[in-house]
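Peer 1: I'll drop the sequence and a predicted model, then ask my questions.
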Amino acid sequence: MNLPNLLASADDKTMAIRNTSLLDTRTGQMFKDQTVVVRGPRIEVVGQETSIPPGAKTLDGRGMTLMPGLIDAHSHVMQVSGNFNDLLEWSPYYIGARAADVLKDMLQRGFTTTRDMGGADAGIARALEEGLIEGPRLKFGGPIIAPTGGHSMTKVCDGEVELRRAIRKELRDGADHIKLTVSGGVISKMRMESLGFTEKELKAAVEEAHMAHRYVGAHAYTAEAVNRALRCGIRSIEHGNYLDDESIRLFLETDSYYVPTLATYWYLTQEPHFSALPKDKQSKLQGVLDAGLDSLARASEAGVKIAYGTDLHGAGHKHQLMELTLRAKVQRPSDILRSATVVGAELLNMAGQIGEIRAGALADLLVVDGNPLQDIDVLRKPGALKVVMINGRLVTNQLS
Ligand SMILES: [Zn+2]
């Protein structure tokens, strides 16, 4: 028996975008003269001969490209200052208020979903969900967990017991994933080559996350750290600038995800940030960026599942689309766009819901003046983004 949906009528607004070229980011194909019909938060139908329901608000997308909203799989929406001491000093309420701006700008840049890899919690996610603030759909993991002396000591845990306790608390608070740091970093005091956490600790963390049907993502730079993390069951490797052949083999064997974050190194090589860094960090930074590009090229060639990440902070957030341009040095636009949509959706366990334009998916849509398959930089051009829609709601509309 089919029960009538009594709630369907009120919010059941229909909208259509017609005459547009549809970019299928899964296959990298462009389909001409397409119409997409959106009902409520979801895509109802898409195709060439699609009829538009009477009364639907209709936008003409002639000469434009329709594509799914972008997914940034490595962001820090609460890192509202580039000075990490500020973040330690400032009131969380003040940080939250500034994060509202970061989130709003992110959505206007075309990112309809983001995975926060340290800092965001259930509170900011709730504010977004309730519409108190405007921004992308947010997947969060709570504070970054590191061992004493490790990279980014937001939440310090030593030993299995402390780790399990912290992870259980984060999962109870609604975390979508857990973030660990398993090697040093670019800016941290811990040497990049050093390993964080024992294998026993890593396996305990993975077990805890799996028990809640969640997963662990790990900050790791060197092949040694990456390979150990993958062998312990970690599902996404963040940064991973120094991969070796064994890393690539392990990614493929364990079906794990690689999330390079080149934009953040590029940002730090720009002035005035670069001159502000100690001399040894300056040379380290360029090496990290070059190695990251080389690892990305090899992983992409081998067919590793690669998501789009940026890892930006403070004023750097505005360069979130720069990752597209950086990756284009070693990848085709179609591969980069797949990373930033379909692959991101899989990593976030939202395959079929986001990152694709198909009947039944959430209506997270962009209309772009230009063809990103031919020129990926078009997405960075001021004014090129004509429509941003999230959950069937128009955030930006410059079409008639
Ligand atoms: Zn990060």
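Peer 2: Received the coordinates, thanks. Numbers count the residues shown, from 1 in each chain.
Peer 1: list the contacts for the residue in the stretch 101-250 of the chain positioned nearest to the ion?
Peer 2: When you check the stretch 101-250 of the chain against the ion by CB to the ion, the closest residue turns out to be Met117, at 4.7 Å. Bear in mind the C-beta positions are built from the backbone N, C-alpha and C, glycine included. Residues near Met117 by CB atoms under 8 Å, 6 or more residues apart in numbering: His74, Ser75, His76, Gly141, Ile144, Lys179, Gly217, His219, Glu238, Gly309, Asp311.
Peer 1: would you check that the fourth one makes contact with Leu180?
Peer 2: The reference is to Gly141. No. Applying CB atoms under 8 Å as the test, Gly141 and Leu180 come out as separate, 9.7 Å apart.
Peer 1: neighbour-wise, which of the two wins?
Peer 2: Just comparing Gly141 and Leu180: by other CB atoms under 10 Å the higher neighbour count belongs to Leu180, 30 against 26.
Peer 1: which SS class is the more buried one?
Peer 2: strand (DSSP: H, G, I helix; E, B strand; the rest coil).
Peer 1: that one and Lys13, how far apart?
Peer 2: Leu180 sits 43 Å away from Lys13, going by CB to CB, to the nearest Å.
Peer 1: hmm, stretch 206-219 in reach of the ion?
Peer 2: No. Counting by CB under 5 Å from the ion, the ion is not contacted by stretch 206-219; separation bottoms out at 6.4 Å.
Peer 1: Leu282: how many residues sit nearby?
Peer 2: For the record, residue 282 is Gln, not Leu. Residues near Gln282, counting by other CB under 10 Å: 14.
Peer 1: pLDDT of the helix or strand harbouring it, averaged?
Peer 2: Using DSSP states H and E, Gln282 falls within helix 279-302. Averaging pLDDT along helix 279-302 yields 93.
Peer 1: just checking, what packs against that helix?
Peer 2: Under the contact definition 3 or more CB pairs under 8 Å, 6 or more residues apart in numbering; DSSP states H and E, helix 279-302 sits against strand 236-242, helix 245-254, helix 262-268, strand 305-306.
Peer 1: quick one: that helix to strand 236-242, angle?
Peer 2: Put simply, helix 279-302 runs at 110 degrees to strand 236-242, going by axes from the mean of the first three to the mean of the last three CA atoms, to 10 degrees.
Peer 1: for the stretch 201-350 of the chain, list the residues in contact with the ion, please.
Peer 2: So far as CB under 5 Å from the ion goes, the stretch 201-350 of the chain lies against the ion at Asp311.
Peer 1: which residues do Gly141 and Leu180 both contact?
Peer 2: With CB under 8 Å, 6+ apart as the test, Gly141 and Leu180 both reach Gly217.
Peer 1: got the contact list for the residue nearest to Asp101 when sequence neighbours are not counted?
Peer 2: Distances taken as CB to CB, 6 or more residues apart in numbering put Val80 closest to Asp101, at 7.8 Å, once the chain neighbours are dropped. Taking CB under 8 Å, 6+ apart, we find Val80 in contact with Leu87, Ile95, Arg98, Ala99, Asp101, Val102, His313, Gly314.
Peer 1: run the last query once more with 6 Å
Peer 2: By CB atoms under 6 Å, 6 or more residues apart in numbering, the residues touching Val80 are Ile95, Arg98, Ala99, Val102.
Peer 1: same question for the one helix or strand the first one maps to, mean pLDDT?
Peer 2: Okay, so that is Ile95. Taking DSSP H and E as the definition, one finds Ile95 inside helix 92-108. For helix 92-108, mean pLDDT is 97.
Peer 1: ok, now stretch 143-156?
Peer 2: The model assigns stretch 143-156 a mean pLDDT of 86.
Peer 1: for the closest residue to Tyr242 other than its chain neighbours, grab phi and psi.
Peer 2: Spatially, and ignoring its direct neighbours in sequence, Tyr242 is nearest to Thr222 (4.9 Å; CB to CB, 6+ apart). Main-chain dihedrals, Thr222, degrees, to the nearest 10: phi -80, psi 160.
Peer 1: just to revisit the earlier point, next one: phi and psi at the residue nearest to Asp101?
Peer 2: phi -80, psi -10.
Peer 1: and if you look at Gly47?
Peer 2: Residue torsions, per degrees, to the nearest 10, at Gly47 are phi 170, psi -180.
Peer 1: who is it paired with across the strands?
Peer 2: With DSSP bridges applied, Gly47 shows beta-bridge pairing to Thr35.
Peer 1: just the helices from the chain, written as ranges.
Peer 2: Under the criterion DSSP state H, the chain contains helices at 84-89, 92-108, 122-129, 159-172, 199-211, 223-231, 245-254, 262-268, 273-276, 279-302, 322-327, 333-338, 344-347.
Peer 1: and the last one, what does it pack onto?
Peer 2: Helices and strands touching helix 344-347, as assessed by 3 or more CB pairs under 6 Å, 6 or more residues apart in numbering; DSSP states H and E, comprise strand 70-75.
Peer 1: pull up the pairing partners for the strand it packs on, direction included.
Peer 2: By DSSP bridges, strand 70-75 pairs with strand 111-116 (parallel).
Peer 1: how far away from the center of its chain is the strand it pairs with?
Peer 2: On the basis of CA atoms, centre = their mean, to the nearest Å, strand 111-116 is displaced by 5 Å from the centre of the chain it belongs to.
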